[in-house]
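Asker: predicted coordinates and the sequence they were generated for:
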Amino acid sequence: MISAVVSTGGQSVRDKGADKSIGGAEHESAVYGVRIGMDVESALRAVFINAERVAGQEKPDVLRREGESKKDIRVLYKSLPKGELQIVFHDGSRVSQIILSYKQEPIIDDLRLPYSGTIGSTTSTIHNTSAAQSGTDSPVLNDGSKSIEEFASVNAGKLDRYNARKVGNVDRSQGDLLDGTRYDDRYSVGYVDSLRLQKIWWRDEKTDDGFSIRVAFVGKKQTSAGGKFVPSVVQKIISINPGDQEKFDKSRP
């Protein structure tokens, strides 16, 4: 029941290093310590402790029953430090979905998310659209003969140094930043809408219980005029991998 906040527990991830990322802790398959498979008491306690709630804030702000049989329970925390948090308990017993709507939206470069699904391309890339080669009006290019580090060193005077918010300062086709940092290549990239104005990044993570978890980030919807800018992320969604619901149901409680 949603009235108690006591025990600890939850599913275990097969590879304990699987949710570590060059993009930082935000890539973990958890929000405020809440993970897929946790029981109700464990999940509520994790939020209470990790969101630094105080006495009187043990319970969520909203509770709603869902599904055909009304056995699933969705709870909502309206004003946590990171934003609004929704947790769905399948059959009212175990966490099956976690949705965080960010209060302060991170940009995708801060999360090291790839700008598109073309990482690994050998196409020459414009590193800086504003810095011109000496004596020409052409932008500085890397033909692939030098590493990112070597190229940045040789052209140090012609390049703006790393600025995540400037698309032109990033070699997105090779997945590198000018400082040599790589993008997190575990993620696939797609679109939420047919107009291709809202991106989504997702990866799947296996568990010891036989099902996979899907970690996804939803980008802010862009206008046609703003579609070329580096988007921010509006939501983080952790759920059971589509098709693995039966495996989740059969897994140990």
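Answerer: Perfect, I can see it now. What you are looking at is a predicted structure, and each value in this text was computed from that prediction instead of being measured. Numbers count the residues shown, from 1 in each chain.
Asker: and the residue lying closest to residue 204 once chain neighbours are set aside, how far is that from residue 52?
Answerer: Leaving aside its sequence neighbours, residue 204 sits nearest to residue 212 (C-beta to C-beta, 6 or more residues apart in numbering; 4.7 Å). C-beta coordinates here come from the backbone N, C-alpha and C atoms, glycine included. Counting by C-beta to C-beta, to the nearest Å, the separation of residue 212 from residue 52 is 31 Å.
Asker: if you count surrounding residues, which of these two has more?
Answerer: residue 212 (19 against 11; other C-beta atoms under 10 Å).
Asker: need the pLDDT of the nearest residue to residue 80 once chain neighbours are set aside.
Answerer: With C-beta to C-beta, 6+ apart as the criterion, residue 80 has its nearest non-adjacent residue at 4.8 Å, and that residue is residue 51. Among the per-residue scores, residue 51 holds a pLDDT of 96.
Asker: on that earlier part again, I'd say the residue nearest to residue 204 and residue 248 touch.
Answerer: No. Assessed by C-beta atoms under 8 Å, residue 212 is found out of contact with residue 248, at 9.4 Å.
Asker: counting neighbours, what do you get for the closest residue to residue 218 other than its chain neighbours?
Answerer: Leaving aside its sequence neighbours, residue 218 sits nearest to residue 235 (C-beta to C-beta, 6+ apart; 4.2 Å). For residue 235, the neighbour count with other C-beta under 10 Å is 18.
Asker: residue 235 in helix, strand or coil?
Answerer: Assigned by DSSP: H, G, I helix; E, B strand; the rest coil, the conformation of residue 235 is strand.
Asker: separation between it and residue 33?
Answerer: As judged by C-beta to C-beta, residue 235 and residue 33 stand 19 Å apart.
Asker: likewise residue 236?
Answerer: Per C-beta to C-beta, residue 236 is found 14 Å from residue 33.
Asker: and those two? Which one has more around it.
Answerer: residue 236 (24 against 18).
Asker: my read: that one touches residue 106, true?
Answerer: No. With contact defined as C-beta under 8 Å, residue 236 does not count as touching residue 106 (9.3 Å).
Asker: got any residues that touch both of the two?
Answerer: Counting by C-beta atoms under 8 Å, 6 or more residues apart in numbering, the shared contacts of residue 236 and residue 106 are residue 26.
Asker: stretch 220-230 - what's its average pLDDT?
Answerer: What stretch 220-230 shows for mean pLDDT is 66.
Asker: count of neighbours near residue 249?
Answerer: Residue 249: 13 surrounding residues under other C-beta under 10 Å.
Asker: could I get the strand or helix carrying it in CSV with only the CA atoms?
Answerer: Assigned by DSSP states H and E, residue 249 falls within helix 245-250. Below are the C-alpha coordinates for helix 245-250, written out as CSV (Å, rounded to 0.1, in the frame of the first residue of the first chain):
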residue,chain,number,x,y,z
GLN,A,245,6.2,-7.2,-20.1
GLU,A,246,5.6,-11.0,-19.8
LYS,A,247,9.2,-11.5,-18.7
PHE,A,248,8.8,-8.7,-16.1
ASP,A,249,5.6,-10.3,-14.8
LYS,A,250,7.3,-13.7,-14.4
